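Chemist: fold the stuff below for me.
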Amino acid sequence: MTVIGVDDTDSRELGMCTTYLATRIAERVGERAGVERLLLVRLNPAVEHKTRGNAALAVHTGAAPDEAFRIAREEVAAVAETDDPRTNPGLVVAPGDPDDVPEAVAEFAREAVRDHLAVEDAEERIDAADYRHAGWKMGRGKIGALAAVGAWSAFGEGGRGGDGGGHDWTYECISYRDPERVGTPRDVDAESVFEAANAGYPEAWDTVDRETGELVCVPHTPGPILHGVRGDDPETVRRVARAIESEPVSRRALFVTNQGTDAHLRDAADLSEVEDGRAYRVTGRVAEEPETRRGGHVFFPLESRDTGDELQCAAFEPTKRFRDRVRDLRPGDRIAACGEVSDGTLKLEKFAVRDLNRTELVTPDCPDCGRSMESAGAGQGYRCRDCKTTADGKVEREVDRNLEIGWYEVPPEARRHIAKPLVRGGFDAPTHPEK
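Modeler: Numbering: from 1, shown residues only. Prediction:
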């Protein structure tokens, strides 16, 4: 076996897609020696140097390492968008079974999903493993390429696992456009997408957003992808993809992925531990009423029950109706919150209500006439002007809550590739999935 890892070949403005490159490589090496699988690994979504979705790709093939390296290098040189100053491709080719990479390479893959790494870190481990490699321009793509090489051992069945052991791989079936159509509007029949999505749900998820009518599986950016269907079952995602009526499909490929798994999240014991550029699962108490700010973004501070540390949490405008769930939070609610931390703010991807504050303090009513009492002065409680009745202070009143105990999430059209949809299950409380 040989593992081919590639990364950083696409562009935000010029398009292309590293999955397309991996598919081309797989077609060429597959003609000679077969391909066991294509692996799509989403790395830390908070990395500032990412081109688009921060995906690294691996091809597991029976081709000889020298031949695999030659073919892959030719394909990268042919299709990578190196005219974009942000695009710095990298290629790593490793001989041997993907389950049997050195532990240092598997650990590098785990770190790449949750942390920040440098090209020098990658090159040091590449050289120690004696892997063939190539870089274009700054060669930053070697980071993702090496992570893709190590991912199957780091997260796959039978892998050493470590911090991310027991990983549950998911699948994506990607359909590609005819090259001459790339750059033109995509022709996809929306009704057929919804019919296929409904037939495949919940094994295939995030194909559409049923509330807004968005075709989530159809990208808006320039590039060769026509649509990509994600889910838990390979046959289901293939079936949904085939059922979509559209312009001609030039090629189609199935990828094993870490999408929809929350592999990027770290558990933080306390809010004081969080750092920018990483993603966390944290717990705390809502300290103040959520505030809607300019642009429609919703903010609130989360407070540690143990230390009193606070972390700003935000639901930004693109999360749409999820913001209403955030606005329903009240001071005193105890929650778990998940998301990336940037500039000291956690960008919410989902949250779980652990305990709801169901009471509020209000001015007491007079027991005789029923009117609201008035303040009797600082520290003197309340009194009824007419009946002369008094009360020592405010009283508790039960509040109707729109939220229930359990998990809430952003809608499909706002979900990050790596974030786990609630419909996949395996959560520690009831779920309220968005469809």
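Chemist: tell me the pLDDT at residue 397?
Modeler: With respect to pLDDT, residue 397 has a value of 87.
Chemist: count of residues packed around it?
Modeler: 13 (other C-beta atoms under 10 Å). The C-beta positions use only the backbone N, C-alpha and C, and glycine is treated the same way.
Chemist: remind me, longest strand of this protein?
Modeler: strand 345-355 (DSSP state E).
Chemist: just the CA trace of that one, in CSV.
Modeler: Provided in CSV are the C-alpha atoms of strand 345-355 (Å, rounded to 0.1, in the frame of the first residue of the first chain):
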residue,chain,number,x,y,z
THR,A,345,-15.3,35.2,21.7
LEU,A,346,-16.7,31.7,21.3
LYS,A,347,-18.6,31.4,18.0
LEU,A,348,-21.5,29.1,18.8
GLU,A,349,-22.1,26.0,16.7
LYS,A,350,-24.4,24.4,19.2
PHE,A,351,-25.3,24.5,22.9
ALA,A,352,-27.0,22.3,25.4
VAL,A,353,-29.3,23.5,28.1
ARG,A,354,-28.4,21.7,31.3
ASP,A,355,-30.6,23.6,33.7
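Chemist: that strand - contacts with which helices or strands?
Modeler: strand 278-286, strand 310-315, helix 322-327, strand 334-342, strand 406-409 (3 or more C-beta pairs under 8 Å, 6 or more residues apart in numbering; DSSP states H and E).
Chemist: who does that strand pair up with?
Modeler: Sheet pairing for strand 345-355, assigned by DSSP bridges, gives strand 310-315 (parallel), strand 334-342 (antiparallel), strand 406-409 (antiparallel).
Chemist: okay, those in CSV with distance to residue 275 and mean pLDDT next?
Modeler: Formatted as CSV, the strands paired with strand 345-355 follow (distance: least, C-beta to C-beta, whole Å; pLDDT from 0 to 100):
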stretch, distance to residue 275, mean pLDDT
strand 310-315, 11, 98
strand 334-342, 7, 97
strand 406-409, 24, 98
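Chemist: for the closest residue to residue 19 other than its chain neighbours, give the beta-bridge partners.
Modeler: In space, and not counting its chain neighbours, residue 19 is closest to residue 174: 5.7 Å by C-beta to C-beta, 6 or more residues apart in numbering. Beta-bridge pairing for residue 174 (DSSP bridges): residue 228, residue 253.
Chemist: residue 174 against residue 253, yeah?
Modeler: Yes. Residue 174 is in contact with residue 253 according to C-beta atoms under 8 Å; the separation is 5.6 Å.
Chemist: and the two? which has more neighbours close in?
Modeler: Between residue 174 and residue 253, counted using other C-beta under 10 Å, the more crowded position is residue 174 (27 against 20).
Chemist: residues in contact with residue 72?
Modeler: With contacts defined as C-beta atoms under 8 Å, 6 or more residues apart in numbering, the neighbours of residue 72 are 4, 6, 25, 29, 59, 91, 93.
Chemist: how far away from the center of its chain is stretch 284-296?
Modeler: Centroid separation between stretch 284-296 and its chain, computed with C-alpha atoms, centre = their mean, to the nearest Å, is 23 Å.
Chemist: check which residues of the one helix or strand residue 236 maps to are buried.
Modeler: Element membership for residue 236 (DSSP states H and E) is helix 234-243. If you call a residue buried by 16 or more other C-beta atoms under 10 Å, then helix 234-243 has these buried ones: 234, 236-241.
Chemist: so can I have a markdown table of these showing distance to residue 147?
Modeler: Formatted as a markdown table, the buried residues of helix 234-243 follow (distance: C-beta to C-beta, whole Å):
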| residue | distance to residue 147 |
| --- | --- |
| 234 | 23 |
| 236 | 28 |
| 237 | 24 |
| 238 | 27 |
| 239 | 31 |
| 240 | 29 |
| 241 | 27 |
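Chemist: pLDDT added to those, as TSV?
Modeler: Listed next are the buried residues of helix 234-243 as TSV, based on pLDDT from 0 to 100:
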residue	pLDDT
234	97
236	98
237	98
238	98
239	98
240	98
241	98
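Chemist: which ones are touching residue 283?
Modeler: Residue 283 touches 334-337, 354, counting by C-beta under 8 Å, 6+ apart.
Chemist: one more time with 10 Å, if that's ok
Modeler: By C-beta atoms under 10 Å, 6 or more residues apart in numbering, the contact list for residue 283 reads 267-271, 302, 304-306, 334-337, 352, 354.
Chemist: ok, now residue 313?
Modeler: 282, 284, 286, 290, 298-302, 326, 329, 335, 337, 339, 341, 345-348, 351.
Chemist: at 8 Å instead, please
Modeler: With C-beta under 8 Å, 6+ apart, residue 313 has these contacts: 299-302, 326, 337, 339, 345-346, 348.
Chemist: and what of residue 8?
Modeler: So residue 8 contacts 18, 51, 87-90, 140-141, 144 (C-beta under 8 Å, 6+ apart).
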